Structures are given as structure tokens and as C-alpha cells.
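K.L.:
just coords:
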Ligand code: SF4
């Protein structure tokens, strides 16, 4: 958990405005929208809904965190990490560009902070990056996209890899809520001429066509620096197959990519006996488990596993008994 945030990989959250619009299945149970419904009548979500600019004191809070950062560094041995956009999307095209510009000015002035710009709209980024993005003034900033399955990874990771970056900036993916299996070492890529192949986004290697043979260095040669993985939380959370998390953990370990397992979410690996003994369990199994009487075929193609609805806190964040809490060097 962060120093001043309940989110495991950041210490602060910064929101220059509040409001957004759903853009994919990962948004289905958006906590920021639920919060807006609860406290602001849901006025700031959806097409045409006006985003609400936050108060100056909120927008300027990073200046205060920046002043306090040396003391933080003395105590923690690293600089504070800031999640930009927990209640909005920084590359939202429905906001006044002047709001984004003002936010970038705050980001630029706060070099003691380690900024994490999070987006589900990476396609908008090339036109919305700050002026001076590559001049050294934003070397304390990285970009993290959020994706939920292979189709989104194939679509969005190449856009992230194609963004211009200095040697000190970094690229990450939040694979949360994981809603399908993922292989970051084999992105299906088809160029504008219809020529396809797969791209290893962890090593910068390319395999032409359907060829299973030798991979070659790709001229792009940019790679992901960080992958965060997690299951969904909340009342309507969808289960994550445990093998999806294990696969991405193993991909990162093989390539030397920083991997952080954020949470199981509502559902976690269990046994039928344990689940049946828990009166609050909303147990469910993945197809094929030999000990389950009432099989629910949720992800039959992914094989046997059993998960139990036990709640985020009880589910925890150990993957096969181990904590995975790595960051790219720029955030360490
Ligand atoms: S992009 Fe993020 S903030 Fe916007 S609706 Fe989706 S989950 Fe919510």
C-alpha cells in the first residue's frame, strides 16, 4: 500500500479534473464512476457529460508533496510515486486542453515526484503529450496503459511502444482487471499492408508471419518496463483465472521485466472444501476441476482451477505464496 494512498503501487493520486466515459470492458465497474454516482449524482460520466475541474488546492497539492519529498526520500529511500488520473483519463479528448496544459505545468515543476500517467486512451497520446516532452523536463514521468485481455494488448501496446521517450522515461501496462489470458511476448501485429507477425514487447524482438522460428531484432526495439497484474474487486467483480496471472509472472521473469502482482481482487484460488465451509462464499469453479460438484464453465478453454469469492482483503496479493512488488528502475 502506498504511503498516502490505498493503491499498492503509488503514494499519491492526482486528479486535475473528475469525469470520464467508458471505453471498454475494463470500465464496466469503474470505481470512479460509482463514486461520482454516489457523491455527485453521476453528472460527470458518459458522452457529452461535462468533466468537473478540481479545486485549485487539489490541483496544486503536488507542489506540496514535492516540497515534502526530500524527507520522504530520507525515510523510504525513493521518491514518492504519483498516480495521475485515478478519477479521470489524462488523454481524454472531452476536456479543455488548457486543463491538461496546466496539469503538465504542475508535473514539470515537481521533479521530486515520480509521475505515472495512466490511460485507456493511448491512441490520443501523440497529440496530447506536453510541450517539451523530450527536452528533459519530463524525465521523472512514465506512461502506463490499462488493458484487460490479449485483444486490447495487441491493439494498445504497439501504440505505447511507438511513443517517443527519453532514456529516463518508461512504459508500463496495468493488466487489471485481467479478463482474459495475455502473452506480452507475442503480440499479434498486422501492418497497414496486411503483413503480420508477432512482437515480443518484453524483449523488442519480431517474428514474421506465423513463423514459430527465430525472432529477430525489430527496428522499433522499444520494450515494456513494467507490468502490473490484478483481478477485479467490487460487488460485481469477475474472476481472474489464476493461470493468467502465473503466465504473465513467468513471461516477466524470463525477460527480466519488473512485475507487480497488485491483488487477486474479490476472487482467489481456493478449494471446494474451503469454499463450501465459508457461508459467505459465492464459490465458483473453472471447468474441469475434479473435486467440484456444480461446475460453472466460465473460462473452459483455460483449464482446471478453482476460485472462491472471499473478498479483496482475504484474497490478498500473494501469487503462489509469494509477494511480487517490483518497479522499473525509474520508480525504485
Ligand atoms: S477510462 Fe478509467 S476512469 Fe474512465 S470510465 Fe474507464 S475505468 Fe473509469
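P.N.:
Right, received. Where do you want to start? Given the structure is predicted, the values throughout are model-derived calculations rather than measurements. Numbers count the residues shown, from 1 in each chain.

K.L.:
name the element the closest residue to the ligand within the stretch 151-300 of the chain belongs to?
P.N.:
Of the stretch 151-300 of the chain, the residue with the smallest distance to the ligand, taken as C-beta to the nearest ligand atom, is residue 177 at 9.8 Å. Quick note: C-beta positions are derived from backbone N, CA and C, even for glycine. Using DSSP states H and E, residue 177 is not contained in any helix or strand.

K.L.:
for the nearest residue to it once chain neighbours are set aside, what are phi and psi?
P.N.:
Nearest non-adjacent residue to residue 177, counting by C-beta to C-beta, 6 or more residues apart in numbering: residue 232, 3.4 Å away. Backbone torsions of residue 232, given as degrees, to the nearest 10, read phi -90, psi 150.

K.L.:
what ranges do the helices span in the stretch 201-332 of the chain?
P.N.:
242-255, 272-277, 312-315 (DSSP state H, counting those that start in this stretch).

K.L.:
list of residues touching the first one?
P.N.:
With C-beta atoms under 8 Å, 6 or more residues apart in numbering as the contact definition, helix 242-255 has outside contacts at 175, 178, 180-185, 200, 202-203, 227, 229, 231, 257-259, 261, 269, 302-303, 305, 307, 319-320, 324.

K.L.:
where does pLDDT dip in the stretch 151-300 of the chain?
P.N.:
In the predicted model, the stretch 151-300 of the chain carries pLDDT under 70 at residues 191-195, 210-213, 219-220, 283, 287-300.

K.L.:
does the residue nearest to the spatial centre of the chain fall in a helix, a strand, or a coil region?
P.N.:
Centre of the chain computed as the mean C-alpha position; nearest residue by C-alpha atoms, centre = their mean is residue 174, 1.8 Å away. Judged by DSSP: H, G, I helix; E, B strand; the rest coil, the three-state class of residue 174 is strand.

K.L.:
hey, what's it bridged with?
P.N.:
residue 146, residue 228 (DSSP bridges).

K.L.:
enumerate every residue touching it.
P.N.:
118, 144-147, 227-228, 230.

K.L.:
how about residue 228?
P.N.:
Counting by C-beta under 8 Å, 6+ apart, the residues that residue 228 touches are 9, 144, 172-176, 260, 262.

K.L.:
repeat that for 10 Å
P.N.:
8-9, 116, 118, 144, 146, 172-176, 248, 258-263, 324, 326-327 (C-beta atoms under 10 Å, 6 or more residues apart in numbering).

K.L.:
ok, now residue 142?
P.N.:
With C-beta under 10 Å, 6+ apart, residue 142 has these contacts: 81, 114-118, 165, 168-172, 225-226, 328, 330-331.

K.L.:
and if you look at residue 222?
P.N.:
158, 160-165, 171, 201, 204.
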